[in-house]
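J.: I'll drop the sequence and a predicted model, then ask my questions.
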Amino acid sequence: MIDLFSEVAQYCDLTIPENHKVPIAIIGAGGIVDGAHLPAYKKAGLNVVGITDVDPEKARDVAARHGIGKVYSSLDELLADPIPVVIDIAVPAAAQPEIFLKVANSKRHILAQKPMATTVADGLAMAEAVAANKIVAGVNHQLRFEEGMAAAHKMVELGWIGTVTNMTFHVNLITPWELWPWAKDLERLEIMLHSIHYHDVMRWFLGNPRRVYCAAGRTNGQFPKGETRTISTYVYDDGVTGLVHANHINRGGDNYAEYRIDGDKGSIRGTMGLLYDYPVGRVDTLEVNSLVVPTDGWTPYPVTTRWFPDAFMGTMGSVMAAISTGSPVRSSVADNVDTLKLVAALYESMDSGVAISL
Ligand SMILES: NC(=O)c1ccc[n+]([C@@H]2O[C@H](COP(=O)([O-])OP(=O)(O)OC[C@H]3O[C@@H](n4cnc5c(N)ncnc54)[C@H](O)[C@@H]3O)[C@@H](O)[C@H]2O)c1
């Protein structure tokens with residue numbers, strides 16, 4: 001059984017080879033950089049040479065606690081430093097495109113935060129800047145590197161569950177929206193900030209759907225203005241289906257975050273441990289039941305790393321591998337334009353009440 005999983009485990013390995021490692025500078029010293037980017041980079045043995053933030057006090061505090069040598073007073077000062085090779089942008093999406101274009105036009109490689117942008121037009125302009133400047137650019141959709149999800153993807157690729165017929169996400173949480181004061185008044189909330197991970201992963205497994213439908217809701221007394229529950233359905237040409245149901249105001253307190261992939265020769269089911277107690281979390285689970293390989297019923301795959309912070313090594317490692325070897329970025333800016341198109345279609349459906357063809 002251990003032999004059976006070895007190829008899958010190898011695919012999930014987040015180790016960044018020494019000869020891929022290049023210096024990083026960070027734009028944005030917020031919660032996600034403090035709590036996930038920097039712990040992951042420390043674990044991977046990466047070198048962060050400097051950081052900047054519009055709030056210099058935050059940049060100084062994060063730099064001091066994580067041993068970062070330089071605090072740049074501005075983006076221009078950061079770009080004047082020739083040492084960093086990858087610029088890691090982690091600011092709210094509304095501020096990201098302008099910064100991204102400036103960095104891209106300075107011909108630096110980029111890892112952008114998700115959502116890459118809030119409009120398809122901004123996303124297209126960012127992808128065009130990447131192509132025009134011949135840089136490597138990824139988006140921090142690290143769910144594609146979370147060990148359970150990556151293992152599931154490899155199992156599907158190896159044909160363990162045959163032809164995929166359906167993928168579903170069921171997520172029911174109490175999310176501490178108060179942690180992100182800038183998100184309080186956003187009209188577009190749940191899909192744009194959270195479920196975009198699942199929609200991006202759904203595209204990674206199944207490709208772009210033919211048609212989507214989305215309904216959204218809110219709960220009396222909720223902190224943010226935007227939608228906090230979404231139900232999205234996907235239809236593909238060949239009858240393949242998908243569903244994402246995510247709720248963030250679970251007054252019952254029984255948080256769960258499950259996904260499942262069904263094929264004509266088996267099924268895979270998993271849980272995203274992070275969401276059971278965000279941002280502390282618990283271990284992820286993954287099980288496979290295959291008619292192709294000898295699982296003899298539901299067999300657990302031993303997940304040994306976490307979505308936060310470990311998978312953040314994956315998104316940065318993928319950008320560094322592309323710089324060193326020319327390999328494709330698993331979550332590239334070019335590919336992410338289609339995730340933004342999908343998100344736009346889901347919001348169009350939510351607003352209009354009708355299914356949208358892509
Ligand atoms: N990939 C993931 O799983 C994940 C998880 C959490 C957050 N995020 C995304 O990361 C981004 C940041 O989230 P956060 O939780 O750190 O938020 P945060 O509010 O804690 O931090 C944002 C930081 O960006 C700074 N900032 C804003 N505009 C700036 C600008 N123009 N130049 C430099 N700095 C600027 C702010 O001062 C703040 O320090 C958001 O887009 C969020 O959606 C992604």
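T.: Perfect, I can see it now. Numbering: from 1, shown residues only.
J.: got any ranges where the chain has weak pLDDT?
T.: Counting by pLDDT under 70, the chain contains low-confidence ranges at 1.
J.: scan it for its longest helix.
T.: Longest helix of the chain, by residue count under DSSP state H: helix 333-352.
J.: start and end of stretch 95-114, how far apart?
T.: 12 Å (Cα to Cα, to the nearest Å).
J.: could you give me the buried positions within that stretch?
T.: Under the neighbour-count criterion of 16 or more other Cβ atoms under 10 Å, stretch 95-114 has 96-97, 99-104, 108-114 buried. C-betas here are computed from N, CA, C, even on glycine.
J.: just checking, which of these belong to strands?
T.: H109, I110, L111, A112 (DSSP state E).
J.: nearest to the ligand: which residue in the stretch 151-300 of the chain?
T.: The stretch 151-300 of the chain approaches the ligand most closely through L193 (5.2 Å), counting by Cβ to the nearest ligand atom.
J.: which ones are touching that residue?
T.: Each residue near L193 by Cβ atoms under 8 Å, 6 or more residues apart in numbering is listed here: P115, W180, A183, L186.
J.: mind running it again at 7 Å?
T.: With contacts defined as Cβ atoms under 7 Å, 6 or more residues apart in numbering, the neighbours of L193 are A183.
J.: same question for the one 3 residues further on.
T.: In this structure, I196 makes contact with K114, P115, T339, V343, judged by Cβ under 7 Å, 6+ apart.
J.: same deal with K184?
T.: Contact partners of K184, counting by Cβ under 7 Å, 6+ apart, are F223, P224, K225.
J.: same question for R260.
T.: Taking Cβ under 7 Å, 6+ apart, we find R260 in contact with T168, S267, I268, R269.
J.: am I right that the second one is in contact with S290?
T.: No - the criterion here is Cβ atoms under 7 Å, and S267 misses it with S290 at 8.4 Å.
J.: please say which of these two ends up with more neighbours.
T.: Higher neighbour count among S267 and S290: S290, with 23 against 20, using other Cβ atoms under 10 Å.
J.: thinking again about what came up before, ok, and the most crowded of the contacts of R260?
T.: Compared across these, I268 has the highest neighbour count, 27 neighbours, by other Cβ under 10 Å.
J.: what about that residue, which SS state?
T.: strand (DSSP: H, G, I helix; E, B strand; the rest coil).
J.: my read: it touches S290, true?
T.: No - judged on Cβ under 7 Å, I268 makes no contact with S290 at a distance of 8.5 Å.
J.: between those two, which contacts overlap?
T.: Common neighbours of I268 and S290 (Cβ under 7 Å, 6+ apart) are I161.
J.: just want the most central residue of the protein.
T.: Taking Cα atoms, centre = their mean as the criterion, H141 is the residue nearest the geometric centre of the chain, at 2.0 Å.
J.: list the contacts for the residue in the chain positioned nearest to the ligand?
T.: When scored by Cβ to the nearest ligand atom, the chain has G30 as its residue closest to the ligand, at 1.7 Å. Applying Cβ under 7 Å, 6+ apart, we find G30 in contact with A90.
J.: for this structure, what spans make up the helices?
T.: So, for the chain - with DSSP H - the helices run 2-12, 31-32, 38-44, 56-66, 75-80, 96-105, 120-133, 147-157, 196-206, 311-325, 333-352.
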